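[1] could you work out the structure for the sequence below:
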Amino acid sequence: MKENSQPFKSPPTDGPVPLPPAFEDARGKIQTLVDGGIQSVQIITSKASTVRANHYHKADSHYMYVVTGSMKYYHRLVGDKAPPTMLVVRAGEMVFTPPQVEHAVEFPEDTVFLNITGKSREQKTYEDDLVRVELLKPKGHAG
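    Numbers count the residues shown, from 1 in each chain. Predicted coordinates for the structure are as follows:
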């Protein structure tokens, strides 16, 4: 498994998505995560030692922004038989998954993240766009 720690070049292969500078004043800070093209946002909590995803999307794309905790994000292009690339995404970092990229996420600790999607996550629409794969074997928990 390759671990990728290079600066971001093109999603998702080269690292976390660079965030624009935050607006900050005496009241606090405003950090833009995604500007435009969004249809759904979910807050997802994941327990330590669990695995999520193990799929790819035919047409949808999404950002995952870690609020607390961290995740190991595994990815490779659909049809690629090489081991997936692994990227550690920490609190305050975000990764992008385009369509046709197999991905799985392992959580080494309890983690909360935002899932920001380009298409609706109404269950039927979501399932119609989803193809399940076994990129990463869950360790005793459902994925």
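[2] please identify which helix or strand holds the residue minimising distance to the centre of the chain.
    Nearest residue to the geometric centre of the chain (Cα atoms, centre = their mean): M64, 3.8 Å. Assigned by DSSP states H and E, M64 belongs to strand 62-68.
[3] swap in T125?
    helix 123-129.
[4] measure the residue of the chain most remote from its centre to P99 for me?
    Using Cα atoms, centre = their mean, the residue of the chain lying farthest from its centre is A26. It sits 32.1 Å away. Per Cβ to Cβ, to the nearest Å, A26 is found 42 Å from P99. In this view, the C-beta of every residue, glycine as well, is placed from N, C-alpha and C.
[5] picking up where we left off before, how about the strand holding M64: buried residues?
    Neighbour-count burial for strand 62-68 flags 62-66 (criterion: 16 or more other Cβ atoms under 10 Å).
[6] parallel or antiparallel, list what pairs with it.
    Using DSSP bridges, the strands paired with strand 62-68 are strand 94-97 (antiparallel), strand 111-117 (antiparallel).
[7] I44: which of these is closest?
    Proximity to I44 (Cβ to Cβ) singles out strand 111-117 among these, at 5.5 Å.
[8] quick one: mean pLDDT for the closest one?
    Average pLDDT, strand 111-117: 97.
[9] one more: stretch 90-101?
    Regarding stretch 90-101, the rounded mean pLDDT is 96.
[10] would you mind measuring the gap between the ends of that stretch?
    Stretch 90-101 has an end-to-end distance of 21 Å (Cα to Cα, to the nearest Å).
[11] and stretch 67-81, by the same measure?
    Stretch 67-81 has its terminal residues 32 Å apart, counting by Cα to Cα.
[12] for that stretch, which outside residues touch it?
    Residues outside stretch 67-81 that contact it (Cβ atoms under 8 Å, 6 or more residues apart in numbering): 1, 12-13, 43, 46, 56, 64, 82-91, 95, 97, 100-114, 131, 135-136.
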